[in-house]
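coords please:
(chains A and B)
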Amino acid sequence: METDKSKIGNFIFNRSVQGVFYQLITLGLVALGIYYIVTNTARNMLERGLASGFHFLGVESQFDIGMTLIEYSPTSTYFDSFIVGLLNTLLVAGIGILFATIIGFTVGIMRLSSNWLIAKIAEAYVEILRNIPLLLQIFFWYFAVLRALPKPKQSLELYDSFFLNNRGLFIPDTVFGEGSSIIFYLLWLTIIISIGIFIWAKRRQNRTGERFPAFYVSTALILGTFFISLAATGFPVSFEYPELKGFNFKGGVKLIPELVALTFALAMYTASFIAEVVRGGIMAVSKGQTEAAKSVGLKQNLILRLIIIPQALRVIVPPLTNQYLNLTKNSSLAAAIAYPDLVLVFAGTALMQTGQAIEIIGMVMGVYLFLSLFTSVIMNLFNRFMKVDGER
Amino acid sequence: MSAANKEIGPPVIELGVMGWLRKNLFSNWYNSLLTIFGLYLLYILIPPLVNWIFLDANFVGSTRDDCTNEGACWIFIQQNIKLIFYGLYPTEELWRINFVYLILLISGVYLLIPNLKHKGWVGAFLLIIFPIICVVMLSGGLGLEAVETRLWGGLFLTLVIAGVGIVLSLPIGVMLALGRRSKLPVVSLLCTIFIEIWRGVPLITVLFMASNMFPLFMPEGVNFDKLIRALIGVMFFSAAYLAEVVRGGLQAMPKGQYEASQAVGLTYWRMMALVILPQSLKMVIPAIIGSFIAIFKDTTLVLVIGLFDFLGIIQFVGTNPDWLGFSHEGYVFAAAVFWVFCYAMSWYSQRLEKKLDTGR
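Down below sits the predicted model:
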């Protein structure tokens, strides 16, 4: 009797038995929840006459999109509209990341300046911009600034080639004439050679300790080859400038105001976060590193290039990619000012027309999920690569 | 010798205002150049802004015709202030919102004043009884006239969404973080999947999902109101972010703390509640408040699913034919209000950080 009781007790209070028990309960609850949702959804969809599945992707979409990077018309399919939206999202994210990085690094370094005024201006930039909701900033740039710009006839212009008005931003287009492909092949070739030079220089330095000015040599090689080939082929690359014809501009590249406002707001907002990342990264390099580098006789620019920047980058890059990811996700706010991004085109218009809420939201979320998982895989690889031996 | 040194002292140029200017603004030629550039930047930005906002602005009047000066027309804000702060909430019921604000203000001030007794009770009141008061007062019941949530709006709605998001997401976030760190593989896997899915997608798609898919998930006849759907979306979204913040705190705890609490025979939940969580949450308070600021800013997104929060109302008021063309005033006002809220939160978090710093 006694032993039986204690056996049961042993069984009940056994850690691993408890573990299995709890996990079974959790699994059961989750399965019940999913079953509940799935049955409800199935019934609701049946009642509304919705067929599940992805057949709708092949159907003609019958709506037009204001800005497309590929051929698209109302006779294209819903899948085409998905691609158009995806490309527009990637476009705005790409330009936004470029500008956010430039502004962010500038402001971040300004905040560390020994010049009091410059440091304070940078601090004000960061504190103001990151404490105002992004959507408000997008609205401001779009409705209050770009929409309030003059008509094409009174455009703001820069060097007769950039024009800004209420129809958008007009910039020159590059036209590649005959023979320009040779220049690109040469450009790629010189870039590959430069990478080779870097590897060789590194190996030689490891072997002999001598430094080779790989950066200057490869820059000279790339730029030199580029300009010589340009001259040799008779400048096949030219620019097409936008021109005022009637009430609007013709020629050049037109960037719609939605794109300009969105890029601007995203870049300015994200830059305020990047600035803090950069500042934190540089400050994380301990002062002893600089002093040690000085004491072994490195010059100031070499200290920066060989000691500070590589160590700061290790701290900066992971949160920086996180900010890039945030910018990409935030670009979905495009829907609020009608820039035709993935969310507006697909989760907005296409969803409204087809009613396939689950498939469409699933696809859109899948795209963003893929981007963030992809980024974190890259980051893990980076961290493994950058890990210093013996570090905690 | 020492007397002579005292008499000479450091050169005037390194002392006082002159010394400060020299050291911080004009230490060498490019710093001087930067300073001049900075001054020029301020010169082209600040005076026009000050003129527009204050000096040339219009403060008195009741219609747009009273805006005769060059600067901002603050009459626009003044005339629409009820809409901006309370949305379409019935005017005769506004005292209910103000009453809730008043309770919140009194208990908040009480908690902020140092060295007062019974803070625990006030906190418990805020967490347990106050939400009930809020629901009854704001949406009606117990003899109060019901006010539909579609009439809620303005800053009031923003505060409701942010408040509910913040209060509910913290406990969920803590549970998710514990789950992800759990030794039970199924629990940890489920929590990880949950967290990563919400963190991987933009809030706007979550809101789209909440407004389009939640109705499909529910049995027939059950119909959530739009606000509740948005609240659920915001809550899960911010819970996932908070979970990662809390997990950071849990990971930073030294292993000895876990081992010591197990050695004195605490069960898992007691160990977490009494030893680990109090210390690790304290460590990540700045990051938690950072998440709260993010939630507060993100509430503006609810306007894409047709709720009129603070920004939504400002946008809406600007389309009123009587007040067309005053969007600048609206945006500047909204920006100022949001900025004050967010900056106050981050200032408070810095203060708390200093106060709680145990010198680790």
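
Show me how the record splits the chain into domains.
By default, I'm working from chain A. A:2-47, A:78-172+A:241-386, A:173-240 (automatic domain parsing).

please go with chain B instead
Taken from automatic domain parsing, chain B resolves into B:12-66, B:77-89+B:147-356.

Now do the contacts for residue B:294.
B:238, B:241 (C-beta atoms under 8 Å, 6 or more residues apart in numbering or on different chains). From N, CA and C alone the C-beta is placed, and that goes for glycine too.

Model confidence for it, exactly?
Predicted confidence (pLDDT) for residue B:294: 90.

Show me which residues of the helix or strand containing it are buried.
Element membership for residue B:294 (DSSP states H and E) is helix B:285-298. By 16 or more other C-beta atoms under 10 Å in any protein chain shown, the buried positions in helix B:285-298 come out as B:285, B:287-298.

how near is the residue lying closest to residue A:146 once chain neighbours are set aside to residue B:310?
Excluding the flanking residues, the one nearest residue A:146 by C-beta to C-beta, 6 or more residues apart in numbering or on different chains is residue A:257, at 4.3 Å. Computed as C-beta to C-beta, to the nearest Å, the residue A:257 to residue B:310 distance reads 25 Å.

of these two, who's got more company?
Neighbour count, other C-beta atoms under 10 Å in any protein chain shown: between residue A:257 and residue B:310, residue B:310 has more, with 29 against 23.

Go through the domains of chain B and pick out the most buried.
domain B:77-89+B:147-356 (a mean of 18; mean count of other C-beta atoms under 10 Å in any protein chain shown).

How far away from the center of its chain is that one?
9 Å (C-alpha atoms, centre = their mean, to the nearest Å).

give the contact list for the residue nearest to residue A:146.
Contacts of residue A:257 by C-beta under 8 Å, 6+ apart are A:142, A:146-147, A:166-169.

before we move on, the earlier item: go through the buried residues of helix B:285-298 and name the one nearest chain A.
The closest of the buried residues of helix B:285-298 to chain A turns out to be residue B:297 (C-beta to the nearest C-beta; 4.0 Å).

ok, the closest residue in space to that closest one that isn't next to it in sequence - how many residues close by?
Spatially, and ignoring its direct neighbours in sequence, residue B:297 is nearest to residue A:133 (4.0 Å; C-beta to C-beta, 6+ apart). Using other C-beta under 10 Å, residue A:133 has 26 neighbouring residues.

where does residue A:133 land on pLDDT?
Taking residue A:133 on its own, its pLDDT is 93.

isn't it right up against residue B:300?
Yes: using C-beta atoms under 8 Å, residue A:133 makes contact with residue B:300 at a distance of 4.4 Å.

what touches both of these two?
residue B:311.

all strands for the stretch 151-300 of chain A, in order.
Under the criterion DSSP state E, counting those that start in this stretch, the stretch 151-300 of chain A contains strands at A:156-158, A:162-165, A:168-171, A:173-176, A:237-240, A:243-245, A:248-250, A:253-255.

In CSV, list those along with distance to residue A:333, mean pLDDT and mean neighbour count.
Listed next are the strands of the stretch 151-300 of chain A as CSV, based on distance: least, C-beta to C-beta, whole Å; pLDDT from 0 to 100; neighbours: other C-beta atoms under 10 Å in any protein chain shown:
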stretch, distance to residue A:333, mean pLDDT, mean neighbour count
strand A:156-158, 26, 72, 12
strand A:162-165, 22, 77, 20
strand A:168-171, 19, 77, 22
strand A:173-176, 28, 72, 12
strand A:237-240, 32, 70, 13
strand A:243-245, 32, 70, 13
strand A:248-250, 28, 70, 15
strand A:253-255, 18, 77, 17
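
Quick check: which of these is nearest to chain B?
Nearest to chain B, of the strands of the stretch 151-300 of chain A and by C-beta to the nearest C-beta, is strand A:156-158 at 16.1 Å.

what lines up beside the closest one in the sheet?
For strand A:156-158, the paired strands and their directions (DSSP bridges) read strand A:162-165 (antiparallel).

Show the model's pLDDT score for residue A:97.
92.
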